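> Task: produce atomic coordinates for the following.
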Amino acid sequence: MATAEIDTIDVQESSKDIVIQSIHDADVIVTRSDLAEKLKELVDVSQKKIISVGSTNDVSLLLNMS
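Have a look, this model is predicted:
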């Protein structure tokens, strides 16, 4: 069985520096579709994979599957 560490941040309430550091630390970024474009600008620099889902409930479901 694989293990994973999951960290969550509120990109709307966090400073840009915190968001950038979190992206740097992540292997994969999961976000809502409405925030994906904002994050893609930051993710492109670090070449990280970003997964966008339709709603907050979808994110919770996805994270609970791990």
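
> correct me, but Arg32 touches Ser52?
Yes - here Arg32 lies in contact with Ser52, judged by Cβ atoms under 8 Å, at a distance of 6.7 Å. All C-beta atoms are positioned from the backbone trio N, CA, C, and that covers glycine.

> Show the contacting residues for Asp25.
Contact criterion Cβ atoms under 8 Å, 6 or more residues apart in numbering gives Asp7 as the residues in contact with Asp25.

> Just give me the neighbour total for Ile29.
Applying the criterion other Cβ atoms under 10 Å, we find 21 residues in the vicinity of Ile29.

> If you could redo that for Ile50, that was the one I meant.
17.

> In space, what's closest to it - neighbours in sequence excluded?
Computed as Cβ to Cβ, 6 or more residues apart in numbering, the closest residue to Ile50 that is not its neighbour in sequence is Ile29, at 4.6 Å.

> What is the longest helix of the protein by residue count?
The residue-count maximum for a helix in the chain (DSSP state H) belongs to helix 33-46.

> where does the spatially most central residue of the chain land on pLDDT?
The central residue of the chain, meaning the one whose C-alpha is nearest the mean C-alpha position (Cα atoms, centre = their mean), is Ile29 at 3.1 Å. For Ile29, the pLDDT comes out at 86.

> that's a strand at it, yeah?
Yes - applying DSSP: H, G, I helix; E, B strand; the rest coil, one finds Ile29 inside a strand.

> Surely it touches Val53?
No - assessed by Cβ under 8 Å, Ile29 is found out of contact with Val53, at 11.4 Å.

> What is the neighbour count of Val53?
Neighbour count for Val53, taken as other Cβ under 10 Å: 16.

> Quickly list what it is bridged to.
Arg32 (DSSP bridges).

> distance of it from Ser60?
For Val53, the distance to Ser60 equals 10 Å [Cβ to Cβ, to the nearest Å].

> Report the helix or strand with the lowest average pLDDT across this protein.
Ranked by mean pLDDT, DSSP states H and E, the weakest helix or strand in the chain is helix 56-64, scoring a mean of 67.

> Give the full set of residues in contact with the residue nearest to Ser14 when sequence neighbours are not counted.
Taking Cβ to Cβ, 6+ apart, and ignoring the residues beside it in sequence, Ser14 has Ser22 as its nearest neighbour in space, at 7.7 Å. Remark: with contacts taken as Cβ under 8 Å, 6+ apart, Ser22 is in contact with 7, 9, 14.
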